[in-house]
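Q: this one's structure only:
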C-alpha cells in the first residue's frame, strides 16, 4: 500500500470514529462526514487582545473538493452553518478547516 493510500485509509478511520454527523454540502451529491469543533479565537485590537468563541467544520478534501466562503452547510437532522471565510487546508492538506457561523 502506498503512502497516499495509507493516509486516505487513516483519514477514513478518523472521520468514521470522530465525525459529529453527516452534512449536505452545495455541489456534492451525497452527505459527507464532518467534525464540528469549537475554539477560542484570539483577536488583537491595538494593544489589547480579546478572546472570541469560534466554530469550525472539518471535512475531507476527497469529499468536498472546493468549499467556499458564503456556502451554507446543513448537518443531517441538525444545525445549519454558513462558511465565514476562505477555507484553509489542515496540516497534512487532506482536510478543509472552515470557520462557520450557526444559522
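A: In hand now; what should we look at? This one's a predicted model, so the numbers in the text were calculated from it and none came from an experiment. Numbering: from 1, shown residues only.
Q: hey, where'd the strands end up in the chain?
A: 21-24, 32-45, 48-60, 72-75, 80-83, 88-89, 95-102 (DSSP state E).
Q: strand partners (parallel or antiparallel) of the longest one?
A: Okay, so that is strand 32-45. strand 21-24 (antiparallel), strand 48-60 (antiparallel) (DSSP bridges).
Q: deepest-packed of the ones you listed, please.
A: Comparing the strands paired with strand 32-45 by mean neighbour count (mean count of other CB atoms under 10 Å), strand 21-24 comes out on top with a mean of 17. C-beta here means a position set from N, CA and C on the backbone, and glycine is covered the same way.
Q: now it: mean pLDDT?
A: For strand 21-24, the mean per-residue pLDDT is 92.
Q: ditto for stretch 47-67
A: 86.
Q: residues in contact with residue 22?
A: 31-34, 75-76 (CB atoms under 8 Å, 6 or more residues apart in numbering).
Q: most neighbours among those residues, please name it.
A: residue 34 (28 neighbours; other CB atoms under 10 Å).
Q: quick check, that one in contact with residue 24.
A: No - if you go by CB atoms under 8 Å, residue 34 and residue 24 don't touch, sitting 10.1 Å apart.
Q: list residues touching both of these two?
A: Joint contacts of residue 34 and residue 24 (CB under 8 Å, 6+ apart) are residue 73.
Q: about what we covered before: so can I have a markdown table of the strands of the chain showing distance to residue 15?
A: Listed next are those as a markdown table, based on distance: least, CB to CB, whole Å:
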| stretch | distance to residue 15 |
| --- | --- |
| strand 21-24 | 10 |
| strand 32-45 | 4 |
| strand 48-60 | 6 |
| strand 72-75 | 14 |
| strand 80-83 | 17 |
| strand 88-89 | 16 |
| strand 95-102 | 9 |
